[in-house]
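In: from the sequence below, what's the structure:
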Amino acid sequence: MTRRTLWLWAALAPAACFFDPDISPPGETDGLTSSTPAPTSGGDVPTGDPDETGSAVCGDFDIGPGEECDNGAGNNGGGATCKEDCTVNECGDGYLAPAIEGCDDGNKTDDDGCSATCMNEGCGDGVTADAEECDDGNSVDTDSCTNLCHLPICGDGIVNGGDECDDPLGNADSAACTSSCKDAVCGDGLVHAGVEACDDGNAVDGDECSNACAAAGCGDGVVQMGEDCDLGASNSESGACLPSCQNAACGDGFVLMDGEECDDGNLDDGDGCSSVCQAEACGNGVLDAQEECDDGNFDDTDDCRNTCQTAACGDMVVAVNATAPEECDDGNADNNDACLTTCKNAKCGDGFVFTGEECDDGQVSDTCGVDCKRSGYWVFVTSTKFDGNDVMDLANADMICTMLAANKPIDGVYRAWLGDSSTTAAERLFHSAVRYILPNKAKIADDWSDLTDGGLDLAITRNESGLTININNPPINCQANTAKDAAVWTGAMPSGSMADANCNDWNTGQLFAMGQAGLLNRFDASWSGCQFSCDTQARLYCIEQPGP
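Out: As a prediction, the model looks like this:
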């Protein structure tokens, strides 16, 4: 065996078998062998995927169950080491593999013209004899006679003759070396697996397969059928060619960077974007979508703002030139500041108390003068009664008074004429410099000093609704039998100072606990100068205070 033959055997063996000239498997003397028994040849070469039973399909390039090798269509072709039944081609099996065998007479006997290693006996002596196709007596394998004394053929695993390539493991039309021993190239009409997506064998770059053997598609830089344009990576939603390979146009919903200000997907005017894809801006005199008005001017103080929204009180722009001119606009809902919610300047008589005003009732009441100064404060006695425990505390008593006066002609902020162990009535109440009057407008005192001098001008007999509370057999002093019928809790002396009794700060209604009180029908010192047991059901005096 020549040195080149040994090299070729070693190079081909890893594809499906092993070869070692010094070691022979059991039952064999030389050649190729497999680690698994060779199956019986199946005859014709099947192709395709495994059948329904899961068996391997010989000729599919995939070595499946029961196969020793699989070179696809190259099985037993030329220099293949794999036979048509997907078993390894071995010396002595009667199949000739020209790339590695000079001959194969079906045995492994020497001196019969074909050696035990499947070499032509005498190959290389320059004389063509027996099974030799040629014998040029040299060791050049790429000339007109191989070193195995075969004529060059495509598939013998040697680049010779007119070959561009020849893969000893098997040529294939989907491989780098085609079945015709030509290098696979784009345009040969054969799809090189894993390298080319397609190959239609023509030079037309606009069909379904490009001249670079890539499948045609939008973004490949070639204008295909159905495409308006294709700039490849430059396709853009803001460019001349969209990612869909359609030409950019007004109304397509994409804003062309060069030429369009907007694109709302239609060609309608008056919806914010015109039919030529220019923005329809506020101030153009056309009422566009989402505009309330558009007077086409830049006067922000008329009926239409420069934002194309209708002027409105509270928008913080003083519309002095509007159909209904505004005097002010501070944008808030506070009627007690310098600008009312009607966008008019605050003034005395508008019904809202502004800084510097003591009151403002729209000049309709008897306790506020035309100069918005207080002319009096309301006083009434509650229509409801409470024992000492129900009064609860000073804050609760104040809330009772304010709630009873609510929505009445005497509506306002009130505090009860009431003190406890820590706070006197005089400390809690506003000391008015003007009169105190009943709901029927009758005066009970000229001012705070008159209120607390020990006697009143009139008894406080009117409730929050202005109705007189009458007591049968009106008591003349605190010890009278009907005194409790006229009782009013005060917790204060007639001067407003602290009293000793307050029903445990108005948290007890016990019989033997005492609370300072007065008689509602009296205008002498007994109006706040009595004491009764805390289980007594008594009323409260309520006195109006300046506004919040």
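In: state the helix or strand in which the nearest residue to residue 280 once chain neighbours are set aside lies.
Out: Among residues not flanking residue 280 along the chain, residue 288 sits closest, at 4.3 Å (Cβ to Cβ, 6 or more residues apart in numbering). Placement of C-beta: from N, CA and C, glycine included. When elements are assigned from DSSP states H and E, residue 288 belongs to no helix and no strand.
In: residues near residue 488, how many?
Out: Using other Cβ atoms under 10 Å, the number of residues around residue 488 comes to 26.
In: what's the answer for residue 232, then?
Out: Neighbourhood size, residue 232 [other Cβ under 10 Å]: 11.
In: quick one: contacts for it?
Out: 219, 220, 221 (Cβ atoms under 8 Å, 6 or more residues apart in numbering).
In: 6 Å - rerun?
Out: Residues counted as contacts of residue 232 (Cβ atoms under 6 Å, 6 or more residues apart in numbering) are residue 221.
In: angles on the backbone of it, please.
Out: Note on residue 232: its backbone torsions stand at phi 60, psi -130 [degrees, to the nearest 10].
In: quick one: list the elements packing against the longest helix along the chain.
Out: When the chain is parsed with DSSP state H, its longest helix is helix 394-405. Counting contacts by 3 or more Cβ pairs under 6 Å, 6 or more residues apart in numbering; DSSP states H and E, helix 394-405 is packed against strand 413-416.
In: shaky segments in the stretch 1-150 of the chain?
Out: Along the stretch 1-150 of the chain, segments meeting pLDDT under 70 span 1-54, 73-80.
In: mind listing the helices for it?
Out: Using DSSP state H, counting those that start in this stretch, the helices of the stretch 1-150 of the chain run over 3-12.
In: what's in contact with the longest helix of the chain?
Out: For helix 394-405, contacts defined as Cβ under 6 Å, 6+ apart pick out 382, 391, 411, 414, 415, 416, 418, 464, 540, 542.
In: the residue nearest to residue 280: neighbour count?
Out: Neighbours of residue 288 (other Cβ under 10 Å): 18.
In: any idea how far stretch 516-536 is from the chain center?
Out: Distance of stretch 516-536 from the chain centroid (Cα atoms, centre = their mean, to the nearest Å) equals 71 Å.
In: if we can go back for a sec, for the residue nearest to residue 280, give me its contacts.
Out: Applying Cβ under 6 Å, 6+ apart, the residues near residue 288 are 270, 272, 280.
In: from these, which would you call buried?
Out: 272, 280 (16 or more other Cβ atoms under 10 Å).
In: out of the contacts of residue 288, which one sits closest to residue 137?
Out: Closest approach between the contacts of residue 288 and residue 137, by Cβ to Cβ: residue 272, at 93.2 Å.
In: what distance do you get for the residue lying closest to that closest one once chain neighbours are set aside to residue 455?
Out: Nearest non-adjacent residue to residue 272, counting by Cβ to Cβ, 6+ apart: residue 289, 4.6 Å away. Using Cβ to Cβ, to the nearest Å, one gets 76 Å for the distance from residue 289 to residue 455.
In: these two - which one has more neighbours?
Out: Applying other Cβ under 10 Å to residue 289 and residue 455 shows that residue 455 carries more neighbours, namely 15 against 11.
In: and the more buried one, how far is that from residue 437?
Out: According to Cβ to Cβ, residue 455 stands 17 Å off from residue 437.
In: what about the strands in the stretch 251-400 of the chain?
Out: Using DSSP state E, counting those that start in this stretch, the strands assigned to the stretch 251-400 of the chain run over residues 376-381.
In: would you map out the domains in this structure?
Out: Using automatic domain parsing, the domain ranges for the chain come out as 1-184, 376-545.
In: would you list the contacts of residue 288 in a markdown table and tack on pLDDT and distance to residue 349?
Out: As requested, these are exported to a markdown table (pLDDT from 0 to 100; distance: Cβ to Cβ, whole Å):
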| residue | pLDDT | distance to residue 349 |
| --- | --- | --- |
| 270 | 75 | 48 |
| 272 | 76 | 47 |
| 280 | 80 | 48 |
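In: any chance of the contacts of residue 288 in CSV with distance to residue 145 as columns?
Out: Output for those, formatted as CSV (distance: Cβ to Cβ, whole Å):
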residue, distance to residue 145
270, 90
272, 86
280, 88
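In: just the contacts of residue 288 now: which is nearest residue 105?
Out: Proximity of these to residue 105 (Cβ to Cβ) peaks at residue 272, which lies at 92.4 Å.
In: so, low pLDDT: which residues of this protein?
Out: Judged by pLDDT under 70, the stretches of the chain that qualify are 1-54, 73-80, 363-365, 548.
In: give me that answer again for 50
Out: Scanning the chain for pLDDT under 50 picks out 1-48.
In: the closest residue to residue 328 other than its chain neighbours: neighbouring residues, count only.
Out: Distances taken as Cβ to Cβ, 6+ apart put residue 339 closest to residue 328, at 3.7 Å, once the chain neighbours are dropped. By the criterion of other Cβ under 10 Å, residue 339 has 22 neighbours.
In: follow-up on the earlier one: quick one: buried ones out of the contacts of helix 394-405?
Out: Using 16+ other Cβ under 10 Å, the buried members of the contacts of helix 394-405 are 382, 391, 414, 415, 416, 418, 464, 540, 542.
In: could I get the residues you listed as a markdown table with distance to residue 248?
Out: Output for these, formatted as a markdown table (distance: Cβ to Cβ, whole Å):
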| residue | distance to residue 248 |
| --- | --- |
| 382 | 81 |
| 391 | 82 |
| 414 | 75 |
| 415 | 76 |
| 416 | 80 |
| 418 | 82 |
| 464 | 78 |
| 540 | 82 |
| 542 | 79 |
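In: and of the residues you listed, the nearest to residue 508?
Out: Residue 508 has its nearest neighbour among the buried ones among the contacts of helix 394-405 in residue 391, at 9.9 Å by Cβ to Cβ.
In: now the closest residue to the closest one other than its chain neighbours: how far from residue 382?
Out: Once flanking residues are discounted, residue 391 sits nearest to residue 506: 3.9 Å by Cβ to Cβ, 6+ apart. To residue 382, residue 506 is 14 Å away according to Cβ to Cβ.
In: could you do residue 294 as well?
Out: 61 Å.
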